[in-house]
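Participant: Generate a structure from the sequence data that follows.
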Amino acid sequence: MNLIKRKSTFPSVFSDDFDSLFQGFFRPVLGSDAVKREHNMPAVDIDETENSYLLHAELPGFDKDDISVAIHDGQLSIKAEHSDESEKKQSGGSVLKERRYGSYFRSFNFGQNISEQDVSAKYDNGVLELMIPKTPVSEQKARQIEIR
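Facilitator: So this is what the prediction gives:
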């Protein structure tokens, strides 16, 4: 079996030797998506309505049972992990390995104006969807404090 070296689709003015040298240097310029992929952070969209937040997190390749969502004191945590399938194989080794295995983690602070007990989640086609209802913000009136 002959393998063809996978080339980047990004045009390069440097030779392959210099590509690897400068790749890490320019990474912050490429934007947060490149950084998130490098550090196993799932891409997330959060939309806000008058009554709730709607969060979508991309978690491709995970089973529903591999994903854990927790919320406490307004802090929402999403964790997903799975192991390398090749560890289970008894014979044969990898010829090419580009898929990543490991864990993903994201955490968000929604503050105190959410209804933690009413948060709902569903997972379909590699996308986790969370509906996070808001609670009415209690408006506290300023009060004058008497100085003695």
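Participant: And the strands in the protein?
Facilitator: Counting by DSSP state E, the chain forms strands over residues 44-48, 52-58, 67-72, 75-82, 102-109, 120-124, 127-133, given from the N-terminal end onward.
Participant: what comes up buried for the third one?
Facilitator: Read that as strand 67-72. Of the residues in strand 67-72, those with enough neighbours to count as buried (16 or more other C-beta atoms under 10 Å) are Ile67, Val69, Ile71. Every C-beta, even on glycine, is put in place using the N, C-alpha and C of the backbone.
Participant: Could you do the last one as well?
Facilitator: Neighbour-count burial for strand 127-133, counted by 16+ other C-beta under 10 Å, picks out Leu128, Leu130, Ile132, Pro133.
Participant: Now do that strand against strand 52-58, angle only.
Facilitator: 170 degrees (axes from the mean of the first three to the mean of the last three C-alpha atoms, to 10 degrees).
Participant: average model confidence for strand 127-133?
Facilitator: With pLDDT averaged residue by residue, strand 127-133 scores 96.
Participant: Give me the helix or strand of the protein that scores worst on average pLDDT.
Facilitator: Ranked by mean pLDDT, DSSP states H and E, the weakest helix or strand in the chain is helix 32-38, scoring a mean of 49.
Participant: Name the nearest of the buried residues of strand 67-72 relative to Lys97.
Facilitator: Ile67 (23.4 Å; C-beta to C-beta).
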